[in-house]
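1. Any chance you could fold what I've pasted below:
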Amino acid sequence: MGFYPIDLDAWPRAQHFSYYTNVIRTNYAVTVRLDVTRLRGWVRGNGLRFYPAMLYAVMRAVNSRQEFRMAYRDGVLGFYEECHPSYTIFHPDDHTFSDIWSEYSPDFRTFYASVLRDMEEWRDVKGVKTKPGRPDNYCPVSCVPWLDFTAVAHDTTGPQPMYFPVITFGRYTEKGGAWELPLCLHINHAAADGYHTAMLLADIQGLVRRCELWPA
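-> Purely as a prediction, here's the structure:
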């Protein structure tokens, strides 16, 4: 998997990255309501499942923007060629969840089939992280299908800063003839500013509105 170092001397956001890494460590969350009317109708009309389709839209948007593929590797700041989804599956028998991952593909049918295989293989395996071998270039995605939320706040810490977005979406509901879904992006300000986050959200909305054009 390709990894491309960032030339800090030429990077326009070098000062912003340093400021939000060394002076004021800042994360922020943005929640919007996506119009998923077309996506919901399209998956139902084609016998598909909504969750894997939504995962595809989110990951295709993430992989289209360099800011959201940023990481350190061997002490070097750069960005990966692509990221893979690390996502939650629910166990209805004991109401716990597990986190698994699937390989990303820009081809919808390839990606969709990969997610379905992983969901089936790991659906009865309990634990927080169950599928082994998760790569370093992963993007966390969670679905909370029981909750039509208005905001999500994360208080997340770890041994190393995380520059990939943390993405959460909830239950879709009907409003005025349209179906809406809440989606929250939790962003490390060192990696991306409000402009970049707005563009990512616009990409996701555009993809779910044009799902009939997804490569298959």
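2. Please, where are all the strands along this protein?
-> Ranges of strands in the chain, per DSSP state E, are 3-5, 27-35, 70-73, 76-80, 84-91, 96-101, 138-144, 166-170, 173-175, 178-188.
3. What pairs with the second one, parallel or antiparallel?
-> Sheet partners assigned to strand 27-35 using DSSP bridges are listed as strand 178-188 (antiparallel).
4. what about residue 106, how many neighbours?
-> Close neighbours of residue 106, defined as other CB atoms under 10 Å, add up to 14. (Glycine included, C-beta is placed from N, CA and C.)
5. ok, it touching residue 63?
-> Yes. Using CB atoms under 8 Å, residue 106 makes contact with residue 63 at a distance of 7.4 Å.
6. Can you check the distance spanned by stretch 89-102, start to finish?
-> Across stretch 89-102, the terminal residues are separated by 12 Å (CA to CA, to the nearest Å).
7. these two touch, right, residue 36 and residue 208?
-> Yes. Here residue 36 reaches residue 208: they are 5.4 Å apart, a contact under CB under 8 Å.
8. what touches both of the two?
-> Taking CB atoms under 8 Å, 6 or more residues apart in numbering as the criterion, residue 36 and residue 208 both touch residue 54.
9. roughly how far apart are residue 42 and residue 202?
-> 20 Å (CB to CB, to the nearest Å).
10. Between those two, which is the more surrounded one?
-> residue 42 (18 against 12).
11. ok, now which ones touch that one?
-> Contacts of residue 42 by CB under 8 Å, 6+ apart are 48, 53, 211, 212.
12. In this structure the third one contacts residue 48, no?
-> Translated: residue 211. No. Residue 211 is beyond contact range of residue 48, at 9.7 Å (criterion: CB under 8 Å).
13. Specify which residue of these two has the higher count of neighbours.
-> Between residue 211 and residue 48, counting by other CB under 10 Å, residue 211 is the more crowded of the two (21 against 17).
14. Could you pull up the residues touching the more buried one?
-> Residue 211 neighbours (CB under 8 Å, 6+ apart): 38, 39, 42, 43, 53, 57.
15. same thing but 10 Å
-> Listed by CB atoms under 10 Å, 6 or more residues apart in numbering, the contact partners of residue 211 are 36, 38-43, 46, 48, 53-54, 56-57, 108.
16. Closest to residue 96 out of the residues you listed?
-> residue 54 (21.7 Å; CB to CB).
17. how close does the closest one get to residue 168?
-> For residue 54, the distance to residue 168 - CB to CB - is 11 Å.
18. ranges for the helices of this protein?
-> Assigned by DSSP state H, the chain shows helices spanning 14-18, 37-45, 50-63, 108-122, 194-209.
19. Pipe the contacts of residue 211 into a markdown table and attach distance to residue 74 and pLDDT per row.
-> Shown next, in a markdown table, are these (distance: CB to CB, whole Å; pLDDT from 0 to 100):
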| residue | distance to residue 74 | pLDDT |
| --- | --- | --- |
| 36 | 40 | 98 |
| 38 | 43 | 97 |
| 39 | 39 | 98 |
| 40 | 43 | 97 |
| 41 | 46 | 96 |
| 42 | 42 | 96 |
| 43 | 41 | 96 |
| 46 | 43 | 94 |
| 48 | 40 | 96 |
| 53 | 36 | 98 |
| 54 | 33 | 98 |
| 56 | 30 | 98 |
| 57 | 32 | 98 |
| 108 | 33 | 97 |
